[in-house]
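[1] model this:
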Amino acid sequence: MKPDLVLTDIGQLATLQGNSTEPKKGEDLEDLSIIENGAVAVKDGKFIAVGSTKDVLSEIEGDNVDKLEFPNMLALPGFIDSHTHLVFGGSREKDFAMKLAGKSYMEILEAGGGILNTLKATRKASRAVLCKNGFSYANNMLGHGTTTVEAKSGYGLNVQDELKILEAVKDIDQRMPMEVIPTFLGAHAIPPEYKGQTEDYVELVVNEMIPAVNENNLAEFCDVFCEKGVFNIEQSRRILKAAREAGMKLKVHADEIVHLGGAGLAAELGAVSADHLLQAAESDLEAMKKSGTIATLLPATAFSLDTEYADARNMIEMELPVALATDFNPNCANESMFFTIALACYKMKMHPREAISAATINAAHAIDRQETLGSIEVGKTANMIILECPNPEYLSYRFAMNLTHTVLANGQIVNTKLGP
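    Here you go, the predicted structure:
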């Protein structure tokens, strides 16, 4: 079979192979399955050969195809950003300035900022404007080596505008070489028109939003912000069960600010992932381990809020599978998995190779794409990034730098420094 593309002489090819059934955990996170002087061959958007340059060239011997060489570089599976709020209206730089001036969250909210500002801007924006903004953010992510991104709704908080956000997500997915995976997050906050009427809003989410999202086939996942003052355990359970009955897979914003038991709820319902987890109880983390729920950690959120970080070391030592994501949103303008990985190492004491595993194959498990994404293996989608790095440790050492040289998405080179 003649390949469409052959990349050879890659200094270190970190394949992350062997975890398409079970995620990496514990000491296995350190094993990147590196091939020295590696090579890959690609056909119809899939890897058809992976190995040393000598072995791959012998497999395709006689095929007249151009070969691209990447000596002294590091190749990884494309980053997978499994938790973002990609589509929203407006921005919050004024909130940022107020926060630096010492204003509290409630003072910012009372001044018209915070989520209310984003809610108003999102409701006002057209689908086309939301798509344009989201496309720009996604394109920046792609330039930083992210080839798959999960995107949540949650800034419309009524039927019409939640659908509008998810339709914009669909538009972006169709226009980008990366895959954009839609998540319904109608239970993100209580809109002002339902202030003091949380149960009525839950009724709206369950009886109107979820059926409308399902009827239009606009979301693969459903997420809930299970937190004190937002949605309690029972309300979250009801919403997630309704979504599951509608055919959606589950995610949970869990135990970010206080311990409420969101991580335990995620385990109870068999959620694919529980995210944040700064205040999760040990017993709930153990329940997640038993249920196979991925712990998605978001260090840039703690950075932007100047709060404590999740206890990644404890989770790794207890062999709970850990993933990393940016949590890109109006209050955490982080589009870079490089920055996320650096924070994971510097602030959560993850080791560089652990963080790479968490940003690739384990992140694939966090979006239920482990059979097709997250590693460089024959038959998987040809998403790969080549970095100006001599080894995995260098990636974190050059913290927050965009070290991307070439991005391969669905078997196509979409960004490169190779030149004409």
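[2] since we're on residue 56, how many residues are nearby?
    As a burial measure, residue 56 scores 24 neighbours (other C-beta atoms under 10 Å). For glycine as for every other residue, the C-beta is placed from the backbone atoms N, C-alpha and C.
[3] how about it, secondary structure?
    With DSSP: H, G, I helix; E, B strand; the rest coil as the basis, residue 56 sits in helix.
[4] Name the SS class of the closest residue to it other than its chain neighbours, please.
    Taking C-beta to C-beta, 6 or more residues apart in numbering, and ignoring the residues beside it in sequence, residue 56 has residue 39 as its nearest neighbour in space, at 3.8 Å. When states are read from three-state DSSP, the local structure at residue 39 comes out as strand.
[5] And the average pLDDT for stretch 282-302 is what?
    Across stretch 282-302, pLDDT averages out at 98.
[6] how long is it end to end?
    When the termini of stretch 282-302 are compared using C-alpha to C-alpha, to the nearest Å, they are 20 Å apart.
[7] quick one: the strands in the stretch 101-250 of the chain?
    For the stretch 101-250 of the chain, applying DSSP state E, counting those that start in this stretch gives strands covering 146-152, 179-187, 221-226, 249-254.
[8] okay, the ones you listed in TSV with mean neighbour count, mean pLDDT and distance to residue 33 next?
    Compiled in TSV, these are given as follows (neighbours: other C-beta atoms under 10 Å; pLDDT from 0 to 100; distance: least, C-beta to C-beta, whole Å):
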stretch	mean neighbour count	mean pLDDT	distance to residue 33
strand 146-152	29	98	19
strand 179-187	27	98	23
strand 221-226	27	98	28
strand 249-254	27	98	28
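[9] Distance to residue 104 for the ones you listed - can I get that in CSV?
    Rendered in CSV, the data for those read as follows (distance: least, C-beta to C-beta, whole Å):
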stretch, distance to residue 104
strand 146-152, 26
strand 179-187, 25
strand 221-226, 20
strand 249-254, 22
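[10] right, and the ones you listed - which one's nearest residue 419?
    Evaluated with C-beta to C-beta, the strands of the stretch 101-250 of the chain place strand 146-152 nearest to residue 419, the distance being 21.7 Å.
[11] rewinding a little: didn't the residue nearest to residue 56 look like it was pressed against residue 9?
    Yes - in this structure, residue 39 sits in contact with residue 9. The criterion is C-beta atoms under 8 Å, and the distance is 7.1 Å.
[12] Neighbour count for those two, which is higher?
    Neighbours were tallied for residue 39 and for residue 9 using other C-beta under 10 Å; the higher tally belongs to residue 39 (27 against 16).
[13] if I look at that one, how far off is residue 32?
    In this view, residue 39 and residue 32 are 17 Å apart by C-beta to C-beta, to the nearest Å.
[14] So which bits of the helix or strand of the chain with the lowest mean pLDDT are buried?
    When the helices and strands of the chain are scored by mean pLDDT, DSSP states H and E, helix 105-110 comes last with a mean of 76. Within helix 105-110, the residues that qualify as buried are residue 108, counting by 16 or more other C-beta atoms under 10 Å.
[15] again, but for stretch 333-351
    Applying a neighbour-count criterion of 16+ other C-beta under 10 Å, one finds 334-345, 347-348, 350-351 buried in stretch 333-351.
[16] name the helices or strands packed onto the least confident helix or strand of the chain?
    helix 93-100, helix 114-124 (3 or more C-beta pairs under 8 Å, 6 or more residues apart in numbering; DSSP states H and E).
[17] I'd like the distance from that helix to the chain centre, please.
    In terms of C-alpha atoms, centre = their mean, to the nearest Å, the centre of helix 105-110 is set 29 Å apart from its chain centre.
[18] who touches it?
    Taking C-beta atoms under 8 Å, 6 or more residues apart in numbering as the criterion, the residues outside helix 105-110 that touch it are 95, 98, 99, 114, 115, 116.
[19] confidence score at the third one?
    The pLDDT attached to residue 99 in the predicted structure is 87.
[20] Could you dump the contacts of helix 105-110 into CSV and include distance to residue 44?
    Supplementary listing: the contacts of helix 105-110 in CSV, determined by distance: C-beta to C-beta, whole Å:
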residue, distance to residue 44
95, 46
98, 52
99, 49
114, 47
115, 44
116, 48
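[21] Report the contact partners of residue 286.
    For residue 286, the contacting residues are residue 318, taking C-beta under 8 Å, 6+ apart as the criterion.
[22] does it sit in a helix, a strand or a coil?
    When the rule is three-state DSSP, residue 286 gets the label helix.
[23] Could you measure from residue 107 over to residue 307?
    From residue 107 over to residue 307 (counting by C-beta to C-beta), the distance is 18 Å.
[24] now swap in residue 363 and tell me
    23 Å.
[25] higher neighbour count, these two?
    Taking neighbours as other C-beta under 10 Å, residue 363 and residue 307 compare with residue 363 leading, 32 against 11.
[26] that's a helix at the more buried one, yeah?
    Yes - under three-state DSSP, residue 363 sits within a helix.
[27] So for it, what's the pLDDT?
    The predicted local confidence for residue 363 comes out at a pLDDT of 98.
[28] Low-confidence regions, the stretch 301-420 of the chain specifically.
    Within the stretch 301-420 of the chain, the segments meeting pLDDT under 70 span 420.
[29] mind listing the strands for it?
    Per DSSP E, counting those that start in this stretch, the stretch 301-420 of the chain carries strands over the ranges 322-324, 384-387, 404-409, 412-416.
[30] Relative to residue 156, which of the contacts of helix 105-110 is nearest.
    Using C-beta to C-beta, the contacts of helix 105-110 come closest to residue 156 at residue 115, 11.7 Å.
[31] Now do the same contact list for that closest one.
    Listed by C-beta under 8 Å, 6+ apart, the contact set of residue 115 reads 109, 155, 188, 189, 330.
[32] now the second one, nearest residue through space, not along the chain?
    By that I understand residue 155. If you skip the residues right next to it in sequence, residue 155 has residue 122 as its closest partner in space, 4.1 Å away by C-beta to C-beta, 6+ apart.
[33] how far away is the closest residue to residue 334 other than its chain neighbours from residue 80?
    Using C-beta to C-beta, 6+ apart and skipping the chain neighbours, the partner closest in space to residue 334 is residue 300 (4.0 Å). In this view, residue 300 and residue 80 are 16 Å apart by C-beta to C-beta.
[34] and the two? which has more neighbours close in?
    Neighbours of residue 300 and residue 80, each counted by other C-beta under 10 Å, are more numerous for residue 80; the result is 32 against 25.
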